[in-house]
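A.B. asks: Based on what follows, work out the 3D shape:
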Amino acid sequence: MTVWIRFLGVAAYEIRSGSRRILIDPFLDGNPASPLRAEDLDRVDLVLVTHAAFDHLGDTEAIARRTGAPVVCGGEVKTFLVRRGIPTEQVRATTWGISVEVAGIRVHPVECHHWSQIELPDGSFLSGLPMGFIVDLDDGVRFYHYGDTALFSDLRLIGELYRPTVGCVGVTQPQELLSRIPGPGRVLTGEMGPREAALAARWLGLRVVLPCHYLDPDCPEVREFCSYLASASACGEPVPDVRVLKPGEGIAVGAEGVRDAPVHG
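C.D. replies: You can find the predicted model right below:
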């Protein structure tokens, strides 16, 4: 059975596995590159949220309210959603190591070196643990979402324990979104730069890697990421197959291998 994975820009993904439709970090309406808007979605089987940043939590509230889809997230995101009127029974809070099965989909939250904080409706702030996810899909496909993690050596352990087959790693910081984050000076990198992301992809043991956290794939960081993996391959080191996707493009993963395939609908 084919698993379809579509990139929606930044770190948002749509996954079709059998009849099930999964969204991860659905940053849609505020995402200038996304081909989808929250109002386009009539049926979603599961929403996964790695952390509370605006470009990851995105339109989770609107999608959950519109479709009734269950949400898997951290405790701080659940508190925010419930305070916003989403029924507590619709939101499953979890954290590193506490695997869950929701809507027939097994999800393994894994360590993520990042931060997660959000302002609640009453003006107070809440912090929580960001997560990466390993999502068990059809035909032994295991998708890794990095959740904005920085590089850390236990990515090797995550690869050994869960053996993800395809996954995404961030390689840059979308300059188009940085104006929404006020502060002095300037931001120089994303949570991982190209060399760090190339190491992460190899440490995880991925067969297929999707660089992400961009709006435009034609950027120097993506080219540099590909170059690092190509150099490692030229030295005889095992590296994953790299698929650089434009927002709206996808891949199909099945028994016959992996092919580029946009997902429609």
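A.B. asks: where are the low-confidence patches of the protein?
C.D. replies: 262-265 (pLDDT under 70).
A.B. asks: Let me see the ranges of the helices in it.
C.D. replies: For the chain, applying DSSP state H gives helices covering 54-57, 60-67, 75-83, 155-162, 194-203, 220-234.
A.B. asks: so of those, which one's packed in deepest?
C.D. replies: Of these, the one with the most neighbours on average (mean count of other CB atoms under 10 Å) is helix 194-203, at a mean of 23. All C-beta spots, glycine's among them, are computed from the backbone N, C-alpha and C.
A.B. asks: chain center to that one, what's the gap?
C.D. replies: In terms of CA atoms, centre = their mean, to the nearest Å, the centre of helix 194-203 is found 16 Å from the chain centre.
A.B. asks: got the angle between that helix and helix 155-162?
C.D. replies: For helix 194-203 against helix 155-162, the angle by axes from the mean of the first three to the mean of the last three CA atoms, to 10 degrees is 30 degrees.
A.B. asks: packing partners for helix 194-203?
C.D. replies: Contact partners of helix 194-203 among helices and strands, from 3 or more CB pairs under 8 Å, 6 or more residues apart in numbering; DSSP states H and E: helix 155-162, strand 166-170, helix 220-234.
A.B. asks: That one to strand 166-170, inter-axis angle?
C.D. replies: With the same axes, to 10 degrees defining the directions, helix 194-203 sits at 160 degrees from strand 166-170.
A.B. asks: could I get the helices of the chain as CSV with distance to residue 2?
C.D. replies: CSV is the format used below for the helices of the chain (distance: least, CB to CB, whole Å):
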stretch, distance to residue 2
helix 54-57, 27
helix 60-67, 23
helix 75-83, 31
helix 155-162, 22
helix 194-203, 23
helix 220-234, 25
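A.B. asks: of the ones you listed, which approaches residue 20 most closely?
C.D. replies: Checking the helices of the chain against residue 20 by CB to CB gives helix 60-67 as the closest, at 12.9 Å.
A.B. asks: Next one: the spatially most central residue of the chain from residue 236, what distance?
C.D. replies: In the chain, the C-alpha nearest the mean C-alpha coordinate belongs to residue 145, at 4.2 Å (CA atoms, centre = their mean). According to CB to CB, to the nearest Å, residue 145 and residue 236 sit 29 Å apart.
A.B. asks: what do you get for residue 254?
C.D. replies: Taking CB to CB, one finds residue 254 at 29 Å from residue 236.
A.B. asks: Settle it for me: which of those two has more neighbours?
C.D. replies: For residue 254 versus residue 236, the count of surrounding residues by other CB atoms under 10 Å is larger for residue 254: 14 against 6.
A.B. asks: What values do phi and psi take at the residue lying closest to the more buried one once chain neighbours are set aside?
C.D. replies: Leaving aside its chain neighbours, residue 254 sits nearest to residue 2 (4.0 Å; criterion: CB to CB, 6 or more residues apart in numbering). Phi and psi for residue 2, reported as degrees, to the nearest 10, are phi -80, psi 140.
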